[in-house]
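[1] Give the three-dimensional model of this entry:
(chains A and B)
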Amino acid sequence: DMKVTQMPRYLIKRMGENVLLECGQDMSHETMYWYRQDPGLGLQLIYISYDVDSNSEGDIPKGYRVSRKKREHFSLILDSAKTNQTSVYFCASSWGVEQYFGPGTRLTVL
Amino acid sequence: QEKVQQSPESLIVPEGAMVSLNCSFSDSASQSIWWYQQHPGKGPKALISIFSNGNKKEGRLTVYLNRASLHVSLHIKDSQPSDSAVYLCAVYTGYQNFYFGKGTSLTVIP
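    The predicted model follows:
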């Protein structure tokens, strides 16, 4: 069964702290994504990774960076988190034309 | 950039009703259209996709694509309370690029 995992599932941070969200997939998919989802705004693409060390900005990359050193693992980093980065973050991977999503991480920045 | 609009924003129906969800997109060259289902607190899960003009049926789901009018619809027959979820329309334009609508929230009342 194809699976995308995300850790942690819930996270509370204070403004200015660094945040690390992690994503893993067991399908050897080349392409992985980070989205955030906010009420009324839908899914917004933050970054896309086409393979190890091959990352591209999405629609809202400001304030975020990513790291992909292994095909099965993709990290999202928030350096000095801001309150407007409170959101639910989803990781996804794709094979061909279908995307598989993780369960999400709910991040609250106080 | 591809634009994806979904209607209605929300829908409440009694159990057993036929449900119709709509999605319009801006690029007729879009390769495929996907419908995702997202239950509360979960990640989106692919339900059904369509590549060619016309319709496609899978179980209680039927999707219709009209490229000339840039419109796709999802119909759920004999709706069940377990169908209550947010439905996302996604357009795949190639090169691993997906564009999502904001979703339709469906509530099926027993």
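
[2] Give me the distance from the helix or strand of chain B with the lowest mean pLDDT to the chain's centre.
    Among the helices and strands of chain B, strand B:97-100 carries the lowest confidence by mean pLDDT, DSSP states H and E, at a mean of 90. Remark: strand B:97-100 is offset 13 Å from the chain centroid, using Cα atoms, centre = their mean, to the nearest Å.

[3] Stretch A:21-34 now?
    Using Cα atoms, centre = their mean, the mean C-alpha position of stretch A:21-34 is found 9 Å from that of the whole chain.

[4] Secondary structure element holding residue B:73?
    Secondary structure from DSSP states H and E places residue B:73 in strand B:71-76.

[5] if we can go back for a sec, CA atoms only for the least confident helix or strand of chain B - export them in PDB, please.
    As requested, the backbone C-alpha atoms of strand B:97-100 are provided in PDB (Å, rounded to 0.1, in the frame of the first residue of the first chain):
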ATOM      1  CA  ASN B  97       2.300  20.500 -12.100                       C
ATOM      2  CA  PHE B  98      -1.100  20.200 -10.400                       C
ATOM      3  CA  TYR B  99      -3.500  23.100  -9.700                       C
ATOM      4  CA  PHE B 100      -6.200  22.700  -7.100                       C
END
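
[6] how about the residues of chain B near chain A?
    For chain B, the contact set with chain A under Cβ under 8 Å from any Cβ of the partner chain comprises B:1, B:31-32, B:34, B:36, B:41-46, B:49, B:88, B:90, B:92, B:96-98, B:100-103. C-beta here means a position set from N, CA and C on the backbone, and glycine is covered the same way.

[7] who touches residue A:93 in this structure?
    Counting by Cβ atoms under 8 Å, 6 or more residues apart in numbering or on different chains, residue A:93 makes contact with A:4, A:25, A:27, A:29, A:31, A:32, A:33, A:99, A:100.

[8] can you rerun that using 10 Å?
    Contacts were defined as Cβ atoms under 10 Å, 6 or more residues apart in numbering or on different chains; by that measure residue A:93 touches A:2-4, A:23-33, A:49, A:71-72, A:74, A:99-102.

[9] Check residue B:87 too.
    Counted by Cβ under 10 Å, 6+ apart, residue B:87 has contacts B:6, B:11, B:19, B:21, B:23, B:35-38, B:44, B:47, B:74, B:76, B:101, B:103-106.

[10] what about the residue positioned nearest the centre of chain B, which helix or strand?
    Nearest to the mean C-alpha position of chain B, counting by Cα atoms, centre = their mean, stands residue B:35 at 3.8 Å. According to DSSP H and E, residue B:35 maps onto strand B:32-38.
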